[in-house]
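> need coordinates for the below:
(one chain, ligands or ions: 1)
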Amino acid sequence: MLSDNIRYDESGDLLFAGVRTKDLADKYGTPLYLMDEDRIRANCRMYLSAMGAAFDGNWEILYACKAACYKALIQTVAEEGLSLDVVSSGEILTAVRAGFPMDRVYFHSNNKTEKDLVFALEQGVGTVVVDQLSELALLSRIAEARSEDQDILLRLTPGIDTHTYEAINTGKVDSKFGFAIETGQAVDAIELALSLPGIRLKGYHCHVGSQVFGEDVFERSAEVMLRFTDEIGQRTGYYPEILDLGGGYGVRYTEDDPEVSIPDKIASLARTVRAVCAELSMDVPRILLEPGRSIVADAGMTLYTVGNVKRIPGYKNYVSVDGGMTDNPRYALYGAKYTVLPAVLSMKSRFDADLVGRCCESGDIIQPNVSLPEEMKPGDLVAVCTTGAYHYSMASNYNRIPRPPVVFLHDGQDRLAVRGETLEDLLQYDL
Ligand code: LLP
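Numbering: from 1, shown residues only. Sure thing, here's the model as predicted:
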């Protein structure tokens, strides 16, 4: 199986986190997002222990909550002792309402508005990750007016191409994010940050991409960042306390994806960081990582009920389900691959079909060319695996379709974490 929280029992029923998916569909309806809480906690602990082993106490793990953000999840990562990466006032408010310690919150975004920055400071956000020169000046003004000094990191662009999907490749020089090292803009930003009142420059940040499997991507970006740190240190005497290397470790959506050992990756990253720092006679800064996907992706599964099964002889087959690009836009956006499983194991023959949604457009495909049991019929259940990251958080109400609920699974028990939207919810803002 793709992940050890997915299996079929002796009677051929699909279990997720030890719970029969059919029972969950009966209880909550479909489409349904499931989240294996125990897996989320295990993933958090895996990061914490790997960092602990690799970086001698001077490190921090931030959960990048753009991957999935609602109170139950933020509370879970808070309990596990992680810090938080947020990118909007909405994510900040969710953290506040979840009771997250706000001094452990880092606020990113390439285009924070004045309103966002004021809100962030009012809510006690610990660190702002500044992305643009105009933001530096604005933040300095806001912090000064509040007679406060605000901790910041500067987002730098190390010029690393990760060869992941183009839309989520962010570390290249021509990226919309951050200050490029290569063009000298990073130096300008550091000099300005050091000169402005109301701002305490704590260090540098970079994030090169997401769903990254490249062998040495993180090592290369760490090395670029450290050599640049040394260059600035020699020139100005400023050495940062913090080096935040972003998120991005890849996860398995299908059996074809490589198995990545994140502890091994972190150990190798630590070796590079130590070696480069030793060569430069520089203290090892506090190292931060910002995983999103690898904390929650394999904790998720989406259940759907099959509606129409359409066979076009000599052409192709379609299996339509009661969700689609509204709860999972990732095939439409990135051509993302998935593992699709029937909720009842069938030994009978199989046929290939496109698993499609219920939206009014042909691009509403969850996954093309899926092998499914030949006898698949309306009312059957199918599961799409690895949907814990960037699914609920990217869901929409296109075609006025309500968002599904999220159910947490812990120790064989289920509980509603986010209720599903009703038709009335869809009309609540219409005047
Ligand atoms: N830190 C920063 C600054 C980021 O921009 C991101 C992701 C992360 C951390 C977390 O990266 P992760 O560990 O999750 O790979 N919607 C796309 C993914 C967009 C990622 C954006 N930034 C998808 O569905 O694949």
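
> residue 218 belongs to a helix, doesn't it?
Yes: using DSSP: H, G, I helix; E, B strand; the rest coil, the assignment for residue 218 is a helix.

> do I have it right that it meets residue 265?
Yes: contact criterion C-beta atoms under 8 Å: residue 218 and residue 265 qualify, at 6.9 Å. The way it works is simple: take the backbone N, C-alpha and C, and place the C-beta from them, glycine included.

> between the two, tell me which one has more neighbours.
Neighbour count, other C-beta atoms under 10 Å: between residue 218 and residue 265, residue 218 has more, with 25 against 22.

> how much space separates the more buried one from residue 375?
Going from residue 218 to residue 375 by C-beta to C-beta, to the nearest Å gives 46 Å.

> how about residue 199?
Residue 199 sits 65 Å away from residue 375, going by C-beta to C-beta.

> more neighbours, those two?
Neighbours were counted for residue 199 and for residue 375 using other C-beta under 10 Å; residue 199 has more, 22 against 13.

> how far off centre is the longest strand seen in the chain?
Taking DSSP state E as the criterion, the chain has its longest strand at strand 300-311. Remark: strand 300-311 is offset 25 Å from the chain centroid, using C-alpha atoms, centre = their mean, to the nearest Å.

> cool, and stretch 250-270?
That offset, for stretch 250-270, works out to 15 Å (C-alpha atoms, centre = their mean).

> does that stretch come close to the ligand?
No: against the ligand, stretch 250-270 shows no contacts by C-beta under 6 Å from any ligand atom, the least distance being 7.7 Å.

> what's the span of that stretch, first residue to last?
18 Å (C-alpha to C-alpha, to the nearest Å).

> name the residues of that stretch that are buried.
For stretch 250-270, burial by neighbour count (16 or more other C-beta atoms under 10 Å) applies to 250-253, 257, 262, 265-266, 268-270.

> restricted to strands, list those.
Among the buried residues of stretch 250-270, none falls in strands (DSSP E).

> for residue 336, which non-adjacent residue is closest in space?
Distances taken as C-beta to C-beta, 6 or more residues apart in numbering put residue 330 closest to residue 336, at 4.0 Å, once the chain neighbours are dropped.

> surely that neighbour touches residue 389?
No: Residue 330 is not in contact with residue 389 according to C-beta under 8 Å; the separation is 9.5 Å.

> looking at the two, which is more packed in?
residue 389 (26 against 20).

> would the more buried one count as being in a helix?
No: secondary structure of residue 389 (three-state DSSP): coil, not part of a helix.

> gap between it and residue 248?
Separation of residue 389 from residue 248 (C-beta to C-beta) stands at 12 Å.

> now the common contact residues for the two.
Both residue 389 and residue 248 are in contact with residue 293, where contact means C-beta atoms under 8 Å, 6 or more residues apart in numbering.

> now the helices for the stretch 51-200 of the chain?
Applying DSSP state H, counting those that start in this stretch to the stretch 51-200 of the chain gives helices spanning 71-79, 89-97, 114-122, 133-145, 185-195.

> which of those sits closest to the ligand?
helix 89-97 (12.2 Å; C-beta to the nearest ligand atom).

> for that closest one, name the packing helices and strands.
In terms of contacts (3 or more C-beta pairs under 8 Å, 6 or more residues apart in numbering; DSSP states H and E), helix 89-97 is packed against helix 71-79, strand 83-86, strand 105-107, helix 114-122.

> reformat these as JSON lines; add mean neighbour count and distance to the ligand.
Formatted as JSON lines, these follow (neighbours: other C-beta atoms under 10 Å; distance: least, C-beta to the nearest ligand atom, whole Å):
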{"stretch": "helix 71-79", "mean neighbour count": "20", "distance to the ligand": "13"}
{"stretch": "strand 83-86", "mean neighbour count": "26", "distance to the ligand": "5"}
{"stretch": "strand 105-107", "mean neighbour count": "26", "distance to the ligand": "9"}
{"stretch": "helix 114-122", "mean neighbour count": "17", "distance to the ligand": "16"}
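
> got those as TSV, with distance to residue 226 and mean pLDDT columns?
Converted to TSV, those look like this (distance: least, C-beta to C-beta, whole Å; pLDDT from 0 to 100):
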stretch	distance to residue 226	mean pLDDT
helix 71-79	28	98
strand 83-86	21	98
strand 105-107	20	98
helix 114-122	29	98
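
> out of the ones you listed, flag the one nearest residue 293.
strand 83-86 (12.3 Å; C-beta to C-beta).

> check which helices and strands the closest one is in contact with.
The contact analysis (3+ C-beta pairs under 8 Å, 6+ apart) places strand 83-86 against strand 59-64, helix 71-79, helix 89-97, strand 105-107.

> ok, residues contacting that strand?
Under C-beta under 8 Å, 6+ apart, the answer for strand 83-86 is 60-66, 69, 74, 77-78, 92, 95, 100, 104-108, 125, 247, 288, 290, 292.
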